[in-house]
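**Q** Fold the stuff below for me.
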Amino acid sequence: MDVLNQYGSGVSDDDGESSDGGATQAYAKPVVRQYNIDTAPDISGYAPSTHELTAYVGHTQREIRYNMPYEVLAQPLAGPTDSEGDFASHTRGTRGGGLAEAHAVDEVSFRQQERMFRQHGIASDPSNTSGEARMVVGSNSSNAGVANNRGLRRKAKGNSSIVNGEGAYQGPWAGYEDDTKGVAAGPSAEQLAEYEQRTAQNTDKTAGTGPGPSKAAKSKRGNAAGYDEGQAERTTFHGQAERDYQGRTYMHVPTELRQAEVPSCFAPKRMVKEWHNAHAGGVSAIRFIPDTGHLLLSSGMDGLVKIFDTHSSLALLRTYIGHSKAVRDITFAPSGTSFLSSSYDTYTKLWDVETGQCRQKFSAKGRVPYVAKFYPEDPNIFLVGQGDKKIVQWDIRANEIVQEYDQHLGAINSLTFFDSNRRFISTSDDKTMRVWEFGIPVVIKLVADPSMHSVPAVALHPSQKWLVGQSMDNRIVVYSAGERIKPHKRKEFSGHLTAGFACQPSFSPDGKFLTSGDSEGQVWCWDWQTRRVMTKWKAHEKVAICTAWHPRESSRVATCSWDGTIKYWD
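**A** Numbers count the residues shown, from 1 in each chain. The predicted model follows:
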């Protein structure tokens, strides 16, 4: 410490001058190193050619906010590895079938390449980094240079002054040359004739080889369609094109059709259309499509079912071929997209109205179905009245009978739902009417009387309050359709001759008129309130077996007869 004190005391505050003002002495100061901190270093001395900055993409990075060259993106991942020496991002995308890599592609480009691959089998190569204009992958990559659309020429638009026939005006719907739109597909007329001739020869060879009628005799009996059991059901379209320029079929409801409100009806006065020889051997039934009525379905003794247009063209649209014997009854589904046909060949078949395809066929151990009716609350359930005195309930989904109603003593003739579709009434050849709860095979009401005759045809009033039946004593009898089913003896319609014929009556949409055919080919029209005959006219040469009112038109009535014709009245 003494040395330090001496050292400090020997130093003058006047830069080394002694106290006595004598000679000057120099002493060394302690040197302290100072560091300069510069927050903006000078990089002018670094040449870009000699120092290159390298960027790395971390394995946890999910987004790149600046453009990076391909060499940087393709280099190995940088960052710590796991215990197995691999990155977590790599193992996360690994699947049992390979490596799932994520790519950023905009939605428009992805959908475009997807459609191209589905239609043509090729797509743009995502690994194309060479800058070539056309690189594709796929099974048809060799045909990638072929143009997709051929240079088709449109047909002539036609003369605007000609409406129909050759040279008629087509406008933008003219189509293209050599196209097949609207051309009927399937075998030609020559091929069909050759097939029928070959089938007839085979039939003649096998005729008379066993007991009973020959196959040729069976084919001629009520089968003008050339359909035999075991063959596949088929259909024939008779129009020019199944779809119009907007892609709509005949199932499309016309926009100019009358609205769904109930019209004020009146009796028809003239004939609008007659379909000659609609069915060979006679027409058995006709039905309008539910709600709209722009299509009319018919069945005949020739085993065919046909559908007609009743709104614009009034032409035959399609024929359904699938029965080897006469068709007794037809009925539409509540939606109108399908229908059932019951034939004497023991089959009830479900058809698609639009395509003509036979969806399913039902047969109850060879029993003949007389009448079929869809359950309005469930289109997958329908009832079939058979000739063996039973009513069977079919489930379309299971293709089996789920219920049997067995109380009648004769063949079933008609089935009608009423009382909000909770109950239905059946008529039979045993001259009785029986009321059933749907799904319960117990009769809740038996309508029978010694003076009663058989009632083969029944119709329900639009108000759902009355039932009318075609009695075999030349009368139309009336029953109340409420909680109690009882006859209305003061209200009956007579004057026509129907003994021995099941002529189907029909109500007008507003319920003011009741029509029925008779055995002489006449059509009778009564006033529902007064029971007075409003009009009658000669409609057919043979028995008028069925009449049907259009559901939306005020005075349109369709009639059919055993003379094979269908007539449309207004």
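
**Q** Report how many residues lie close to residue 409.
**A** Residue 409 has 10 neighbours, counted by other Cβ atoms under 10 Å. C-beta: built from backbone N, CA, C; applies to glycine.

**Q** Now do the same for it: its pLDDT.
**A** Residue 409 carries a pLDDT score of 91 in this model.

**Q** May I have the secondary structure class of it?
**A** coil (DSSP: H, G, I helix; E, B strand; the rest coil).

**Q** Next one: it from residue 259, what distance?
**A** The gap separating residue 409 from residue 259 is 47 Å, by Cβ to Cβ, to the nearest Å.

**Q** center of this structure, which residue is that?
**A** Nearest to the geometric centre of the chain sits residue 337, at 7.9 Å (Cα atoms, centre = their mean).

**Q** quick one: it and residue 351 touch, right?
**A** No: judged on Cβ atoms under 8 Å, residue 337 makes no contact with residue 351 at a distance of 10.0 Å.

**Q** and after the helix or strand bottoming out on mean pLDDT in the chain, which helix or strand comes next?
**A** Scoring the helices and strands of the chain by mean pLDDT, DSSP states H and E places helix 215-220 at the bottom, with a mean of 44. As assigned by DSSP states H and E, the chain's next helix or strand after helix 215-220 is strand 234-237.

**Q** Show me the contact partners of that next one.
**A** For strand 234-237, the surrounding residues in contact (Cβ atoms under 8 Å, 6 or more residues apart in numbering) are 184, 317, 318, 319, 320, 321, 322, 355, 356, 357.

**Q** The same query, at a cut-off of 10 Å, please.
**A** Counting contacts by Cβ atoms under 10 Å, 6 or more residues apart in numbering, the residues outside strand 234-237 that touch it are 184-186, 225, 227, 250, 304-306, 316-322, 351-352, 355-358.

**Q** Which ones among those residues map onto strands?
**A** Counting by DSSP state E, the part of the contacts of strand 234-237 found in strands is 304, 305, 306, 316, 317, 318, 319, 320, 321, 351, 352, 358.

**Q** residues near the third one, how many?
**A** Close neighbours of residue 306, defined as other Cβ under 10 Å, add up to 24.

**Q** beta partners of it?
**A** In this structure, residue 306 bridges to residue 298, residue 319 when assessed by DSSP bridges.

**Q** quick one: it and residue 269, what's the gap?
**A** 27 Å.

**Q** that older thread, my guess is the residue nearest to the centre of the chain contacts residue 357. True?
**A** No: using Cβ atoms under 10 Å, residue 337 and residue 357 do not qualify as a contacting pair, with a distance of 11.6 Å.

**Q** how about the lengthiest helix in the chain as PDB, C-alpha atoms only?
**A** Taking DSSP state H as the criterion, the chain has its longest helix at helix 189-206. Taking C-alpha atoms only, helix 189-206 is exported to PDB below (Å, rounded to 0.1, in the frame of the first residue of the first chain):
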ATOM      1  CA  ALA A 189     -87.500 -53.900 -89.600                       C
ATOM      2  CA  GLU A 190     -85.800 -56.500 -91.800                       C
ATOM      3  CA  GLN A 191     -84.000 -58.000 -88.800                       C
ATOM      4  CA  LEU A 192     -87.200 -58.100 -86.800                       C
ATOM      5  CA  ALA A 193     -89.000 -59.900 -89.700                       C
ATOM      6  CA  GLU A 194     -86.100 -62.400 -90.000                       C
ATOM      7  CA  TYR A 195     -86.300 -63.000 -86.300                       C
ATOM      8  CA  GLU A 196     -90.000 -63.600 -86.300                       C
ATOM      9  CA  GLN A 197     -89.800 -65.900 -89.300                       C
ATOM     10  CA  ARG A 198     -87.000 -67.900 -87.600                       C
ATOM     11  CA  THR A 199     -89.100 -68.100 -84.300                       C
ATOM     12  CA  ALA A 200     -92.200 -69.200 -86.200                       C
ATOM     13  CA  GLN A 201     -90.200 -72.000 -87.900                       C
ATOM     14  CA  ASN A 202     -88.900 -73.200 -84.500                       C
ATOM     15  CA  THR A 203     -92.400 -73.100 -83.100                       C
ATOM     16  CA  ASP A 204     -93.800 -75.200 -86.000                       C
ATOM     17  CA  LYS A 205     -91.000 -77.800 -85.500                       C
ATOM     18  CA  THR A 206     -91.900 -78.200 -81.800                       C
END
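
**Q** ok so residue 446 is a strand residue?
**A** Yes: under three-state DSSP, residue 446 sits within a strand.

**Q** from the ones in strands among the contacts of strand 234-237, which two are the most distant?
**A** Farthest pair in the ones in strands among the contacts of strand 234-237 (Cβ to Cβ) is 316 and 358. Separation: 19.3 Å.

**Q** wait, what's in contact with the nearest residue to residue 242 once chain neighbours are set aside?
**A** Counting by Cβ to Cβ, 6 or more residues apart in numbering, residue 242 lies nearest to residue 249, which is 6.0 Å off, once chain neighbours are set aside. By Cβ under 10 Å, 6+ apart, the contact list for residue 249 reads 239, 241, 242, 243, 317, 353, 354, 355.

**Q** what's the closest of these to residue 484?
**A** Closest approach to residue 484 among these (Cβ to Cβ): residue 353, at 38.0 Å.

**Q** what sits against that closest one?
**A** Contacts of residue 353 by Cβ under 10 Å, 6+ apart are 249-251, 289, 295, 297, 307, 317-318, 320, 332-333, 335-339.

**Q** Without its sequence neighbours, what residue ends up closest to residue 544?
**A** residue 517 (2.6 Å).

**Q** I'd guessed that neighbour sits against residue 545; true?
**A** Yes: taking Cβ under 10 Å as the definition, residue 517 is a contact partner of residue 545 at 6.3 Å.

**Q** list residues touching both of the two?
**A** 498, 501, 503, 504, 559, 560, 561.

**Q** Of those residues - the most surrounded one?
**A** Busiest of the shared contacts of residue 517 and residue 545 [other Cβ under 10 Å] is residue 560, holding 31 neighbours.

**Q** if we can go back for a sec, between the shared contacts of residue 517 and residue 545, which is nearest residue 327?
**A** Of the shared contacts of residue 517 and residue 545, the one sitting nearest to residue 327 (Cβ to Cβ) turns out to be residue 560, at 12.5 Å.

**Q** Isn't that closest one up against residue 506?
**A** No: if you go by Cβ under 10 Å, residue 560 and residue 506 don't touch, sitting 11.5 Å apart.

**Q** now the end-to-end length of stretch 345-359.
**A** When the termini of stretch 345-359 are compared using Cα to Cα, to the nearest Å, they are 18 Å apart.

**Q** what's the average pLDDT for it?
**A** For stretch 345-359, the per-residue pLDDT averages 93.

**Q** what's the answer for stretch 506-518, then?
**A** Average pLDDT, stretch 506-518: 94.

**Q** returning to what we had before: put together JSON lines for the ones in strands among the contacts of strand 234-237, with distance to residue 65 on each row.
**A** Output for the ones in strands among the contacts of strand 234-237, formatted as JSON lines (distance: Cβ to Cβ, whole Å):
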{"residue": "304", "distance to residue 65": "74"}
{"residue": "305", "distance to residue 65": "71"}
{"residue": "306", "distance to residue 65": "72"}
{"residue": "316", "distance to residue 65": "71"}
{"residue": "317", "distance to residue 65": "65"}
{"residue": "318", "distance to residue 65": "65"}
{"residue": "319", "distance to residue 65": "70"}
{"residue": "320", "distance to residue 65": "68"}
{"residue": "321", "distance to residue 65": "71"}
{"residue": "351", "distance to residue 65": "65"}
{"residue": "352", "distance to residue 65": "59"}
{"residue": "358", "distance to residue 65": "65"}
